[in-house]
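Engineer: sequence and predicted structure are below.
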Amino acid sequence: MKKIKKINPSAIFIIGFFALIFLGAALLSLPVSSSDGESTPFFRSLFTAVSSTCITGLVVYDTFTHWSFFGQAVLLSLIQLGGLGFMTVATVFSLLFRRSMGQRERLMLAQNFNLSETAGVIKLVKLILAGTFSFEGAAAIVLSFRFIPEYGLAGGIWRGIFVSISAFCNAGFDLMGIHGEFSSLTHYAEDTTVNLTLCLLIVIGGLGFLVWQEIFSGRKFSKMSLQSKTVILFSGALIVLGAVSTFIFEFTNPETLGPLSFKGKALAALFQSVSPRTAGFNTVPLGSLREPSQIIMIILMFIGGSSGSTAGGIKTNTVAVLFFAAVSVFRGRREAVVMKKRIAQDTVLRAFALVFLSALILLVSSFTISVVEEIPFISSLFECVSAFCTVGLTLGITPSLSAFSLTLLMILMFLGRIGLLTASVALFNRQAAAESGVKYPEAKISIG
């Protein structure tokens, strides 16, 4: 027990995800999980479990045609648990059995939601649970009414529930394979109800739980924290820029927006701007997108959602910090300042480190897969960014990749879900603590 108590919260967080993934893989490999009653190879079950637990959405099998109802239920459970985090679920049981949580458990909860302190974390968890199930439930009702006429009562309700949870958790799994394997939501490209409902779910799920808290409190925008203001402004700007650019680049593309009505073009452009941050659904064939549109989607996937949310990517908060720092440097300031607030130098350094390491990992991984699989670099980069940023969008190459490349994608998905900073704390926490009191002599290096 003493050894367990010495394990830092970040390491426990990682171990918990490992346990959930392997449990999910074991269940998915059972004959009862497949639609044909045959056992699914463990390696491919493991890939699916990693993708669902890490709320990514990359698949090697079409979710509807390959998995039975039991298998789909396992996937949905992994998505929900992966989205909330196993520590949130543990908190629910503690509250149900009226068991008090110690400081260590509160610290792990704070780690789960990228919080810097434990104050008010239990109250936040209650808000998260209430908000999550309320939004998912409301969307499931709306989507069920839309799907029931098409799939029948049971099929419509099940698809409504599955897609709403998958969208809110930013997972990207769907049950629309009845219209063609790996077709995602292309059947609903011009459906206003489906498009706007899912866009709203994805945006809410990607804003972050702390932003929810401020919005639900009724606080005016001008009175919100700098983080919430930044998240809302940057998220809105990215959605508009992504939608407008996709609309322009794909307007005449006969394989994407070209055949759609003007309303359909607008909906599809909006959806393709929202989904990369980081939901994994698509309403047009992504493999047919023009190269500028694919590059824009890669950028949107890389940025992702916001800290403390179910979304992946380096986060809008990180991009905002670097943007503010860059503006301050060019204005001749020694510190990053925005809205009369100073951003700590430590925060700027962590943001830079996260972006640099993420970009380096993605470039090396993409180059490796491109060489091994003999595919264009941009196709490999798209898939790797989608995996690392837990998006789930694909140009259609994932099912045909070798075991080596699939293993690399699994590693990227896992790193993307737990976060590079969490992984670094788990690995190097003791060394950093040992050197915390050491101050080295300053050296100057020319820049620019």
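Structural biologist: Everything's here; your move.
Engineer: count the neighbours of the nearest residue to residue 341 once chain neighbours are set aside for me.
Structural biologist: Leaving aside its sequence neighbours, residue 341 sits nearest to residue 226 (CB to CB, 6 or more residues apart in numbering; 5.3 Å). All C-beta spots, glycine's among them, are computed from the backbone N, C-alpha and C. Neighbour count for residue 226, taken as other CB atoms under 10 Å: 14.
Engineer: surely residue 226 and residue 344 touch.
Structural biologist: No: in this structure, residue 226 is not within contact of residue 344 by CB atoms under 8 Å, at 11.8 Å.
Engineer: show me where the stretch 251-400 of the chain has helices.
Structural biologist: Under the criterion DSSP state H, counting those that start in this stretch, helices of the stretch 251-400 of the chain are mapped to 262-274, 291-303, 316-330, 345-373, 377-388.
Engineer: sorry, that was for the stretch 1-150 of the chain
Structural biologist: So, for the stretch 1-150 of the chain - with DSSP H, counting those that start in this stretch - the helices run 2-6, 9-28, 42-53, 63-66, 69-84, 86-96, 103-112, 121-168.
Engineer: pick the most deeply packed of these.
Structural biologist: Of all the helices of the stretch 1-150 of the chain, helix 42-53 carries the top mean neighbour count, a mean of 25, counting by mean count of other CB atoms under 10 Å.
Engineer: using PDB, list the CA coordinates for it.
Structural biologist: Provided in PDB are the C-alpha atoms of helix 42-53 (Å, rounded to 0.1, in the frame of the first residue of the first chain):
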ATOM      1  CA  PHE A  42      -7.200  -9.200 -30.400                       C
ATOM      2  CA  PHE A  43      -4.800  -6.700 -32.100                       C
ATOM      3  CA  ARG A  44      -7.700  -5.200 -34.000                       C
ATOM      4  CA  SER A  45      -9.900  -5.200 -31.000                       C
ATOM      5  CA  LEU A  46      -7.100  -3.500 -29.100                       C
ATOM      6  CA  PHE A  47      -6.900  -0.800 -31.800                       C
ATOM      7  CA  THR A  48     -10.700  -0.200 -31.600                       C
ATOM      8  CA  ALA A  49     -10.500  -0.100 -27.700                       C
ATOM      9  CA  VAL A  50      -7.700   2.400 -27.800                       C
ATOM     10  CA  SER A  51      -9.600   4.600 -30.300                       C
ATOM     11  CA  SER A  52     -12.900   4.500 -28.300                       C
ATOM     12  CA  THR A  53     -11.300   5.000 -24.900                       C
END
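Engineer: now do that helix, average pLDDT.
Structural biologist: Taken as a whole, helix 42-53 has a mean pLDDT of 95.
Engineer: what does it contact?
Structural biologist: Under the criterion CB atoms under 8 Å, 6 or more residues apart in numbering, residues 17, 20-22, 24-26, 28-29, 33, 56-61, 75, 78-79, 81-82, 171, 173, 392, 403, 406, 409-410, 413-414, 417 lie in contact with helix 42-53.
Engineer: next, work out how far apart the residue nearest to residue 341 and residue 204 are.
Structural biologist: For residue 226, the distance to residue 204 (CB to CB, to the nearest Å) stands at 21 Å.
Engineer: and what of residue 172?
Structural biologist: Applying CB to CB to residue 172 and residue 204 gives a distance of 16 Å.
Engineer: same thing with residue 240?
Structural biologist: Distance, residue 240 to residue 204, by CB to CB: 17 Å.
Engineer: please apply the same query to residue 350.
Structural biologist: 27 Å.
Engineer: same question for residue 268.
Structural biologist: 21 Å.
Engineer: and if you look at residue 58?
Structural biologist: When residue 58 is compared with residue 204 (using CB to CB), they lie 23 Å apart.
Engineer: for the nearest residue to residue 221 once chain neighbours are set aside, give its distance to residue 306.
Structural biologist: Leaving aside its sequence neighbours, residue 221 sits nearest to residue 229 (CB to CB, 6+ apart; 6.8 Å). Using CB to CB, residue 229 is found at 12 Å from residue 306.
Engineer: these two - which one has more neighbours?
Structural biologist: Higher neighbour count among residue 229 and residue 306: residue 306, with 29 against 18, using other CB under 10 Å.
Engineer: contact partners for the closest residue to residue 84 other than its chain neighbours?
Structural biologist: Excluding the flanking residues, the one nearest residue 84 by CB to CB, 6+ apart is residue 132, at 6.7 Å. With contacts defined as CB under 8 Å, 6+ apart, residue 132 is in contact with 83-84, 168.
Engineer: and the pLDDT at residue 132?
Structural biologist: On the pLDDT scale, residue 132 gets 85.
Engineer: poorly predicted segments of the protein, please.
Structural biologist: Scanning the chain for pLDDT under 70 picks out the ranges 1-13, 85-121, 421-440, 442-448.
Engineer: hang on, the earlier thing: most packed of the helices of the stretch 251-400 of the chain?
Structural biologist: Most buried among the helices of the stretch 251-400 of the chain, given mean count of other CB under 10 Å as the contact rule, is helix 377-388, at a mean of 24.
Engineer: tell me what angle that helix forms with helix 291-303.
Structural biologist: 30 degrees (axes from the mean of the first three to the mean of the last three CA atoms, to 10 degrees).
Engineer: how far does helix 377-388 sit from its chain's centre?
Structural biologist: 15 Å (CA atoms, centre = their mean, to the nearest Å).
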